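Chemist: here is my input; please provide its structure:
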Amino acid sequence: MHKGKSAWCRGGLYKAYVLTNCYCYRYLIGMFRERLSIKYCMKNIVLPALVLMLLFSAVGCSSGHYVSAQPEGVVVTRPAPPYPNYIWMGGNYYWRGGRYMYRPGYWVAPRAHRVYRPGRWIKTPRGYYWHRGGWRR
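Modeler: Got it, this is the predicted structure:
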(Lines give C-alpha, C1' and ligand atoms only; values in the text may rest on other atoms or scores of the structure.)
Protein backbone atom coordinates (compact mmCIF):
# COMPACT_ATOMS: atom_id res chain seq x y z
CA MET A 1 0.00 0.00 0.00
CA HIS A 2 1.21 3.47 -0.83
CA LYS A 3 2.34 5.62 2.10
CA GLY A 4 0.39 8.69 1.03
CA LYS A 5 -2.72 6.67 0.37
CA SER A 6 -3.78 6.50 4.01
CA ALA A 7 -3.59 10.28 4.28
CA TRP A 8 -5.68 10.57 1.17
CA CYS A 9 -8.27 8.16 2.52
CA ARG A 10 -8.73 10.04 5.78
CA GLY A 11 -9.35 13.31 3.99
CA GLY A 12 -11.59 11.74 1.38
CA LEU A 13 -9.20 12.77 -1.39
CA TYR A 14 -8.58 9.21 -2.52
CA LYS A 15 -12.29 8.59 -3.08
CA ALA A 16 -12.56 11.81 -5.03
CA TYR A 17 -9.52 10.82 -7.12
CA VAL A 18 -10.97 7.38 -7.88
CA LEU A 19 -14.38 8.79 -8.74
CA THR A 20 -13.04 11.47 -11.07
CA ASN A 21 -10.85 8.99 -12.90
CA CYS A 22 -13.51 6.30 -13.14
CA TYR A 23 -14.93 5.65 -16.62
CA CYS A 24 -18.50 5.50 -15.26
CA TYR A 25 -18.13 8.88 -13.61
CA ARG A 26 -16.76 10.44 -16.80
CA TYR A 27 -19.63 8.90 -18.76
CA LEU A 28 -22.26 10.27 -16.36
CA ILE A 29 -20.73 13.72 -16.29
CA GLY A 30 -20.56 13.67 -20.08
CA MET A 31 -24.26 12.77 -20.26
CA PHE A 32 -25.22 15.61 -17.92
CA ARG A 33 -23.05 18.07 -19.82
CA GLU A 34 -24.66 16.96 -23.06
CA ARG A 35 -28.13 17.34 -21.61
CA LEU A 36 -27.33 20.83 -20.41
CA SER A 37 -25.98 21.87 -23.79
CA ILE A 38 -27.99 24.25 -25.96
CA LYS A 39 -27.95 21.85 -28.89
CA TYR A 40 -29.49 19.06 -26.79
CA CYS A 41 -32.14 21.38 -25.31
CA MET A 42 -33.10 22.74 -28.73
CA LYS A 43 -33.24 19.29 -30.29
CA ASN A 44 -35.04 17.36 -27.54
CA ILE A 45 -37.06 19.95 -25.62
CA VAL A 46 -37.71 23.16 -27.54
CA LEU A 47 -38.32 21.66 -30.98
CA PRO A 48 -40.94 19.08 -29.84
CA ALA A 49 -42.66 21.77 -27.77
CA LEU A 50 -42.82 24.06 -30.80
CA VAL A 51 -44.21 21.28 -32.98
CA LEU A 52 -46.93 20.53 -30.41
CA MET A 53 -47.86 24.19 -30.11
CA LEU A 54 -48.15 24.52 -33.88
CA LEU A 55 -50.29 21.40 -34.11
CA PHE A 56 -52.68 22.59 -31.43
CA SER A 57 -52.91 26.08 -32.91
CA ALA A 58 -53.64 24.62 -36.35
CA VAL A 59 -56.42 22.49 -34.89
CA GLY A 60 -58.02 25.59 -33.36
CA CYS A 61 -57.82 27.55 -36.64
CA SER A 62 -59.30 24.88 -38.86
CA SER A 63 -62.60 24.65 -37.01
CA GLY A 64 -64.47 26.91 -39.48
CA HIS A 65 -66.92 24.95 -41.60
CA TYR A 66 -67.92 26.64 -44.84
CA VAL A 67 -71.32 26.52 -46.51
CA SER A 68 -72.35 27.94 -49.88
CA ALA A 69 -75.28 29.90 -48.46
CA GLN A 70 -76.00 31.03 -44.94
CA PRO A 71 -79.04 29.38 -43.33
CA GLU A 72 -82.37 31.13 -43.27
CA GLY A 73 -82.86 33.60 -40.43
CA VAL A 74 -84.59 32.12 -37.41
CA VAL A 75 -87.42 34.07 -35.82
CA VAL A 76 -87.06 34.04 -32.04
CA THR A 77 -89.28 35.72 -29.49
CA ARG A 78 -87.34 36.93 -26.49
CA PRO A 79 -88.92 36.16 -23.18
CA ALA A 80 -88.89 38.84 -20.51
CA PRO A 81 -85.55 39.16 -18.69
CA PRO A 82 -85.48 37.30 -15.36
CA TYR A 83 -83.65 40.17 -13.61
CA PRO A 84 -82.93 43.79 -14.47
CA ASN A 85 -79.64 44.45 -16.34
CA TYR A 86 -79.49 40.92 -17.75
CA ILE A 87 -78.11 40.64 -21.29
CA TRP A 88 -79.66 38.71 -24.14
CA MET A 89 -77.18 36.32 -25.72
CA GLY A 90 -78.49 35.79 -29.22
CA GLY A 91 -78.67 32.32 -30.68
CA ASN A 92 -75.56 30.63 -32.01
CA TYR A 93 -74.95 28.14 -34.77
CA TYR A 94 -72.86 25.03 -34.25
CA TRP A 95 -71.63 22.38 -36.67
CA ARG A 96 -73.20 18.95 -36.35
CA GLY A 97 -73.79 16.17 -38.85
CA GLY A 98 -72.38 18.06 -41.83
CA ARG A 99 -74.47 21.21 -41.36
CA TYR A 100 -75.01 24.16 -39.06
CA MET A 101 -77.60 23.73 -36.32
CA TYR A 102 -79.20 26.64 -34.47
CA ARG A 103 -79.10 26.99 -30.69
CA PRO A 104 -81.57 29.58 -29.36
CA GLY A 105 -80.49 32.55 -27.27
CA TYR A 106 -80.94 33.09 -23.54
CA TRP A 107 -80.56 35.72 -20.81
CA VAL A 108 -77.32 35.94 -18.79
CA ALA A 109 -75.96 38.06 -15.98
CA PRO A 110 -73.55 40.76 -17.18
CA ARG A 111 -69.82 40.20 -16.67
CA ALA A 112 -67.65 42.88 -15.12
CA HIS A 113 -65.59 44.88 -17.62
CA ARG A 114 -66.79 42.81 -20.57
CA VAL A 115 -69.11 43.39 -23.50
CA TYR A 116 -71.07 40.70 -25.32
CA ARG A 117 -70.63 40.70 -29.09
CA PRO A 118 -73.18 38.59 -30.97
CA GLY A 119 -72.17 35.99 -33.52
CA ARG A 120 -72.31 36.73 -37.26
CA TRP A 121 -71.95 35.12 -40.64
CA ILE A 122 -68.74 35.98 -42.50
CA LYS A 123 -68.51 35.71 -46.27
CA THR A 124 -65.22 34.50 -47.77
CA PRO A 125 -64.23 33.23 -51.22
CA ARG A 126 -64.74 29.68 -49.89
CA GLY A 127 -68.30 30.43 -48.74
CA TYR A 128 -69.94 31.47 -45.47
CA TYR A 129 -68.89 30.47 -41.99
CA TRP A 130 -70.23 31.31 -38.55
CA HIS A 131 -68.09 33.46 -36.27
CA ARG A 132 -69.32 32.62 -32.78
CA GLY A 133 -70.30 35.43 -30.46
CA GLY A 134 -68.76 35.85 -27.03
CA TRP A 135 -67.55 38.15 -24.31
CA ARG A 136 -64.87 40.70 -25.16
CA ARG A 137 -62.92 43.17 -23.07
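
Chemist: and the next helix or strand past the host helix or strand of residue 30?
Modeler: Using DSSP states H and E, residue 30 sits in helix 23-36. Downstream of helix 23-36, the first helix or strand assigned by DSSP H and E is helix 38-41.

Chemist: how is the chain partitioned into domains?
Modeler: Using automatic domain parsing, the domain parsing of the chain gives 3-61, 64-137.

Chemist: what average pLDDT does the shortest one get?
Modeler: What that stands for is domain 3-61. Confidence over domain 3-61, taken as the mean pLDDT, stands at 63.

Chemist: how about the longest one?
Modeler: Mean per-residue pLDDT for domain 64-137: 89.

Chemist: that one spans what distance, first to last residue?
Modeler: Its start and end residues considered, domain 64-137 measures 23 Å (CA to CA, to the nearest Å).

Chemist: count of neighbours near residue 65?
Modeler: The number of residues packed near residue 65 is 16, by other CB atoms under 10 Å. For glycine as for every other residue, the C-beta is placed from the backbone atoms N, C-alpha and C.

Chemist: let me fix that: residue 121
Modeler: Residue 121: 14 surrounding residues under other CB under 10 Å.

Chemist: if I look at it, how far off is residue 53?
Modeler: According to CB to CB, to the nearest Å, residue 121 and residue 53 sit 30 Å apart.

Chemist: can you check residue 102 too?
Modeler: As judged by CB to CB, residue 102 and residue 53 stand 34 Å apart.

Chemist: which of these two has more neighbours?
Modeler: Between residue 102 and residue 53, counted using other CB under 10 Å, residue 102 has the larger neighbour count: 15 against 10.

Chemist: which strands and helices sit next to the helix or strand encompassing the more buried one?
Modeler: Following DSSP H and E, one finds residue 102 within strand 99-103. Helices and strands touching strand 99-103, by 3 or more CB pairs under 8 Å, 6 or more residues apart in numbering; DSSP states H and E, are strand 92-96.
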